[in-house]
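Undergrad: after the sequence you'll find the predicted model.
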Amino acid sequence: MALVSLKEMCEKARKGKYAVGQFNINNLEWTKSILQTAQELKSPVILGVSEGAGKYMTGFKTVASMVKAMIEELNITVPVALHLDHGTYEGCYKCIEAGFSSIMFDGSHFPIEENIAKTKELVEVCAKKGLSLEAEVGSIGGEEDGVVGLGECADPDECKKIADLGITILAAGIGNIHGKYPSNWPGLRFDILEQIKKKVGDMPLVLHGGTGIPTDMIKKAISLGVTKINVNTECQLAFQEATRKYIEEGKDLQGKGFDPRKLLAPGCEGIKKVVKEKMEIFGSIGKA
Ligand code: 13P
């Protein structure tokens, strides 16, 4: 199946009261593990690519070619979107050219008027090409240089201004952050989410920083209009833990245990487990 945009996927999720997971990819093993799990569970899936991960994989064209070829070679029939995560203005154009099916423009650090102007321009470009566009208001915090921010909350009026531009889906900060949540994290701000929802109506919403958010909060967020949830760190931690165990048990020193296909296999199983658990919580299983 060819790559799809988020439009139909998220519209269906909004109506069906479930969310589609965005799982970030870093390499071939990540991509394969996520695609195979989605296919096995008959779930739609979004492959997220940050600008850093795109660079690591040698560029967005390499990523798009790999993902498209893998979908064909693995006979993946569930809907798959290839989505730029937290794109810069320039990065958005690079991904449009590379053949991504969905773009996120993160203009949250710009003054609102500039965020509006750039988002508006990208809405038109994406619409012409049949791509979906995610925009962001109220930056999602996280760990930067060892300092953990507690997560900004978006201004509901600014959310309405951006939503009215014709974007496909809106990411709005509601106290969520990327990476592990600190022990003093007060939780998601459902009061703000409700205010945003009132302003933007049926616009599907995105919850970033899906790692470590308790299940009851995830379910409540879905009931209040969240239809896309991003998960990255949790897959990385699962991969790291399984790889560490393999090496600490000395398995890389036994027989051909040094073969990368063997060495990376437990980590891949770790990723698959996380993706499955998340899809269960998000309610996307069997929805493809
Ligand atoms: P986590 O790394 O906290 O799961 O966040 C992922 C994310 O929001 C990517 O945009």
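TA: Yep, it's here. Residues are numbered from 1 along each chain as shown.

Undergrad: how many neighbours does residue 89 have?
TA: By the criterion of other C-beta atoms under 10 Å, residue 89 has 15 neighbours. Every C-beta, even on glycine, is put in place using the N, C-alpha and C of the backbone.

Undergrad: go on, residue 182?
TA: Around residue 182 sit 11 other residues, with neighbours defined as other C-beta under 10 Å.

Undergrad: how about it, secondary structure?
TA: Remark: residue 182 carries the secondary structure label coil [criterion: DSSP: H, G, I helix; E, B strand; the rest coil].

Undergrad: distance of it from the ligand?
TA: Shown here: residue 182 relative to the ligand, a distance of 12 Å by C-beta to the nearest ligand atom, to the nearest Å.

Undergrad: show the pLDDT at that residue.
TA: For residue 182, the model assigns a pLDDT of 89.

Undergrad: shaky segments in this structure?
TA: 141-150 (pLDDT under 70).

Undergrad: can you do 80?
TA: Counting by pLDDT under 80, the ranges of the chain that qualify are 138-151.

Undergrad: residues in it within reach of the ligand, list them.
TA: Applying C-beta under 6 Å from any ligand atom, we find that the chain lies next to the ligand at 24, 48, 85-86, 178-179, 208-211, 230-234.

Undergrad: restricted to strands, list those.
TA: Assigned to strands by DSSP state E, the following of the residues of the chain next to the ligand qualify: 24, 48, 85, 178, 230, 231.

Undergrad: okay, and the beta partners of the fifth one?
TA: Here residue 230 sits in beta bridges with residue 22, going by DSSP bridges.

Undergrad: in the protein, what residue sits furthest out from the centroid?
TA: residue 255 (38.1 Å; C-alpha atoms, centre = their mean).

Undergrad: residue 197: neighbour count?
TA: 19.

Undergrad: ok, now which ones touch it?
TA: If you count contacts by C-beta atoms under 8 Å, 6 or more residues apart in numbering, residue 197 has them with 205, 224, 225.

Undergrad: the same query, at a cut-off of 7 Å, please.
TA: Under the criterion of C-beta atoms under 7 Å, 6 or more residues apart in numbering, the contact list for residue 197 reads 224, 225.

Undergrad: list the buried residues in the strand or helix carrying residue 32.
TA: Per DSSP states H and E, residue 32 falls inside helix 28-41. Residues of helix 28-41 classed as buried under the neighbour-count rule (16 or more other C-beta atoms under 10 Å) are 29, 30, 31, 32, 33, 34, 35, 36, 37, 38, 39, 41.

Undergrad: so what's the closest residue to the last one other than its chain neighbours up against?
TA: The shortest distance from residue 41 to any residue other than its chain neighbours is 4.7 Å, reached at residue 285 (C-beta to C-beta, 6 or more residues apart in numbering). Listed by C-beta under 7 Å, 6+ apart, the contact partners of residue 285 are 41, 42, 43, 279.
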